[in-house]
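In: Take a look and give me a structure for this.
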Amino acid sequence: MSDETKQRDDGGSAFPFQCQGPTTAPEFYYGMSLRMYLAAKAIPFCLRDYCGEDGLPPDTDNKIPNHGGKTYRDRRNEVLSGVAKDCLAIADAIIAASK
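Out: Just a heads-up that it's a prediction; the model follows:
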């Protein structure tokens, strides 16, 4: 089985809960996965690593000087994609370390 087809361990539910109305059977709500919760918590740190004090590149189609025709929007998308991948990698590492 290749890595792409393996089921990723999402750590289970981050905040599961059960509730019951006065005349209904118990209902379970699972909410977001622990993986998504941990990834979201890592966003500020990953953004700081990618962007430093300058923040995200502007969301415009203006060309970046001396970057071979790349636009600021292209660079912004690269940064956000990298941030997302790093956040998920951090979450995966935390889940693996907790096993």
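In: Check for me that Ala96 belongs to a strand.
Out: No - going by DSSP: H, G, I helix; E, B strand; the rest coil, the assignment for Ala96 is helix, not a strand.
In: how much space between it and Asp9?
Out: Ala96 sits 8 Å away from Asp9, going by C-beta to C-beta, to the nearest Å. Backbone N, C-alpha and C define where each C-beta goes, glycine included.
In: Same drill for those two, tell me which one is more crowded.
Out: The neighbour count for Ala96 versus Asp9, taken as other C-beta atoms under 10 Å, is higher for Asp9 (13 against 10).
In: residues touching the more buried one, list them.
Out: Contact analysis of Asp9 by C-beta atoms under 8 Å, 6 or more residues apart in numbering lists Arg35, Asp92, Ile95, Ala96, Lys99.
In: can you do 10 Å?
Out: Ser33, Leu34, Arg35, Asp92, Ile95, Ala96, Lys99 (C-beta atoms under 10 Å, 6 or more residues apart in numbering).
In: tell me the phi and psi of Cys19?
Out: Dihedral angles phi and psi of Cys19 (degrees, to the nearest 10) take the values phi -140, psi 160.
In: Relative to the whole chain's centre, how far out is stretch 79-93?
Out: Put simply, stretch 79-93 sits 6 Å off its chain's centre (C-alpha atoms, centre = their mean, to the nearest Å).
In: Can you mark which positions in that stretch are buried?
Out: Val79, Val83, Asp86, Cys87, Leu88, Ile90, Ala91, Asp92 (16 or more other C-beta atoms under 10 Å).
In: How about stretch 58-78?
Out: By neighbour count on 16+ other C-beta under 10 Å, the buried set for stretch 58-78 is Ile64, Thr71, Tyr72, Arg76.
In: Go through these and name the one nearest Pro26.
Out: Arg76 (45.6 Å; C-beta to C-beta).
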